[in-house]
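> predicted structure and sequence below. I'll ask about it afterward.
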Amino acid sequence: MTPRPFVRDLCFGEGPRWHEGRLYLSDMHDHRVLAIDEAGRRETMLEVPTRPSGLGWLPGGDLLVVSMTDRRLLRFDGRTAVQHADLARHATFHCNDMVVDGTGRAYVGHFGFDLHARETFRPASLIAVEPDGRSRIVATDMAFPNGTVITPDGATLIVGESFAGRLTAFDIGAGGDLTERRVWAQLPERVVPDGICLDAANGIWVASPATNECLRIEEGGRVTHRIAFDQGAYACMLGGRDGRTLFILTAPDSHPDRCRAERGGRVDVVDAPFPHAGLP
C-alpha cells in the first residue's frame, strides 16, 4: 500500500474526522481547525489559541473541540465558540483526543504529565462529558489515553494507551459508564498508538509515530497491513465517498516550536481494504 500526497504545509495535524463530505482536522500547533474538501482545498473553521485537538459533533450539529492547554471542551455553532465543559479539575495536564457518541456524550483523554518537558510519567484518566456539559471520570490509571473509537453497536469503547503499547476496550453502560476493562490488542514492540480508526471488518488502524507507520490490527494483536512513512504517523481516519480512503496525518516532530518552524506536516491517503465503521 503506497501512500499518495493529499495536503502539505501543516504544522501538526491531529484529530482527523470525515464529516459531510470533508476531512476535518486540528492543525494543533497552528491553532486552527480546518475542513478540507476532496480536491484538497482547505477552510479555517475556527481558531483555538490554546491548541485544538480531538473533534466531534453533537446531534444538533454543533462542533465540539478539545482545547488542550486550558483543559476545556469548546462548542462551536459555526459562528461562535463557547465553553461546553471545564475539565481542569479532572485532567492533570493537557487534554488531547476525544470520541463523541451518538447521544452527544464525549469521552476525552489527557496527558497526565508534561511530555515535552520530559517529566516523570504519571497515569491519566478518561473523562466523560454529558451533552449538557457535566463531566466525570469514567476510567483511571490510563497510560496516556489517546485515539479512541466506539463500535457500531455503541456497546464498546476502545482506546489506545500510548505508553503501554496497547489498545484497551471497555463495555459502555446505559449511562455512559465504562466497565469490563480488558486488553483488546497488545501491539508489536516499539509501536506507540496515537490516533486510531475502526473499519467494517472490526480492524483498527493505528498511527504509530515511534515507528513511522500506520498499521491495521485485529482483536488479539494480529497485524494485517503496515504502511511506512518517512516521518512520524500521528493520526488516521477512514472517509471519502465510499469510506475506503484512509487519511494519514504525519509530521517530522510533535514539539510545538519545531512544528511551527518546519511546517512539515501533511496528509497522505491510501485505498483501504474495508470501509469506515463506528465512531468517530
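In hand now; what should we look at?
> alpha carbons only for contacts and neighbour counts from here, please
OK.
> just the buried positions in stretch 157-175, please.
Buried residues in stretch 157-175, counted by 16 or more other C-alpha atoms under 10 Å: 157-172.
> out of those residues, list just those in strands.
Taking DSSP state E as the definition of strands, those contribute 157-161, 166-172.
> report the two of those separated the most.
Arg166 and Ile172 (19.0 Å; C-alpha to C-alpha).
> okay if I get the ones in strands among the buried residues of stretch 157-175 as CSV plus distance to Trp184 and pLDDT?
Putting these into CSV (distance: C-alpha to C-alpha, whole Å; pLDDT from 0 to 100) gives the following:
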residue, distance to Trp184, pLDDT
Leu157, 10, 98
Ile158, 8, 98
Val159, 9, 98
Gly160, 10, 98
Glu161, 11, 97
Arg166, 8, 98
Leu167, 5, 98
Thr168, 5, 98
Ala169, 6, 98
Phe170, 9, 98
Asp171, 12, 98
Ile172, 15, 98
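> what's the closest of those residues to Arg136?
Proximity of these to Arg136 was ranked by C-alpha to C-alpha; the top entry is Ile172 with 14.6 Å.
> for Leu187, give me phi and psi.
phi -90, psi 160 (degrees, to the nearest 10).
> can you pull the contacts of it?
Residues near Leu187 by C-alpha atoms under 8 Å, 6 or more residues apart in numbering: 165-167, 221.
> separation between it and Ile204?
11 Å (C-alpha to C-alpha, to the nearest Å).
> can you check Pro59 too?
The value you get for Pro59 to Ile204, if C-alpha to C-alpha is used, is 25 Å.
> give me the more crowded residue out of these two.
Ile204 (23 against 14; other C-alpha atoms under 10 Å).
> any idea what that one is bridged to?
Leu198, Ile217 (DSSP bridges).
> hmm, Glu218 and it touching each other?
Yes. Between Ile204 and Glu218 a contact is recorded at 6.5 Å, counting by C-alpha atoms under 8 Å.
> which one of the contacts of Leu187 is nearest to Ala272?
Using C-alpha to C-alpha, these come closest to Ala272 at Gly221, 18.9 Å.
> report the contact partners of the closest one.
By C-alpha under 8 Å, 6+ apart, the contact set of Gly221 is 184-188.
> surely it forms part of a strand?
No. Gly221: not assigned to a strand; according to DSSP: H, G, I helix; E, B strand; the rest coil it is coil.
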